[in-house]
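Participant: Need coordinates for the below:
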Amino acid sequence: MGFRDLYAFNLALLAKQAWKLVQKKDSLFYRIYKAKYFRTTTFLDAEMGHNPSYDWRSLLSTRDVILASSKWQIRNSKTIKVVSHEWLPRPPRLNGDVPEDICVQELINQQTKQWDRGKVTSPFDEATHQEILAIPLTLVEDDKVIWKANKVQDFSVKSA
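Facilitator: Model (predicted):
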């Protein structure tokens, strides 16, 4: 069949299933795994747990592949962490200490639905806060993880 690296191919196929846990939240597959393995969090933040199945271990092993080739697209900004999630073109450069768990939503003025310039300029350097201010805000849908390894921004085994 011409497979060059069966391990990489298998990992890419598993990552395709894991991508469904990130994107297809209305599917039966998602609802079953959500109920069993990550009730209070998302797949990207889920932990191994005690006595996990072989399938769950395998899906979690692909999370690094997904995180390395994807980024967050800001919509309602409720789930994106400022420091630990990739949501900017480059990693944010900080001027001071920013708590690990601060969400992007806290950088937005909720009355005007625009970036709060005071909150954006103080913790970040000039280049980073200019990148943040250049991001348009829609604030109508849930935040979305997009695949940055291809132009259509959707997972493919080939690009993985």
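
Participant: For K144, grab the count of nearby residues.
Facilitator: K144 has 17 neighbours, counted by other CB atoms under 10 Å. All C-beta atoms are positioned from the backbone trio N, CA, C, and that covers glycine.

Participant: ok, now how distant is it from L13?
Facilitator: Separation of K144 from L13 (CB to CB, to the nearest Å): 23 Å.

Participant: Check I32 too.
Facilitator: Counting by CB to CB, the gap from I32 to L13 is 19 Å.

Participant: W72 in helix, strand or coil?
Facilitator: Here W72 is recorded as strand under DSSP: H, G, I helix; E, B strand; the rest coil.

Participant: isn't it right up against D142?
Facilitator: No - counting by CB atoms under 8 Å, W72 stays clear of D142, with 10.8 Å between them.

Participant: Compare neighbour counts for those two and give me the winner.
Facilitator: Neighbour totals were compared for W72 and D142, and W72 leads with 19 against 10 (other CB under 10 Å).

Participant: Which residues does that one form beta bridges with?
Facilitator: V145 (DSSP bridges).

Participant: now the end-to-end length of stretch 120-127.
Facilitator: 11 Å (CA to CA, to the nearest Å).

Participant: Identify the residues contacting that stretch?
Facilitator: With contact meaning CB atoms under 8 Å, 6 or more residues apart in numbering, stretch 120-127 is reached by 90, 92-96, 98, 107, 129, 132-133.

Participant: what do you get if the cut-off is 6 Å, keeping everything else the same?
Facilitator: For stretch 120-127, the surrounding residues in contact (CB atoms under 6 Å, 6 or more residues apart in numbering) are 92-96, 98, 107, 129, 132.

Participant: Pipe the residues you listed into a markdown table and attach pLDDT, neighbour count and secondary structure per row.
Facilitator: Below are the contacts of stretch 120-127 laid out as a markdown table (pLDDT from 0 to 100; neighbours: other CB atoms under 10 Å; DSSP: H, G, I helix; E, B strand; the rest coil):
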| residue | pLDDT | neighbour count | secondary structure |
| --- | --- | --- | --- |
| P92 | 86 | 18 | coil |
| R93 | 87 | 14 | coil |
| L94 | 84 | 13 | strand |
| N95 | 80 | 13 | coil |
| G96 | 74 | 7 | coil |
| V98 | 76 | 14 | coil |
| L107 | 89 | 20 | helix |
| H129 | 85 | 21 | helix |
| I132 | 90 | 21 | helix |
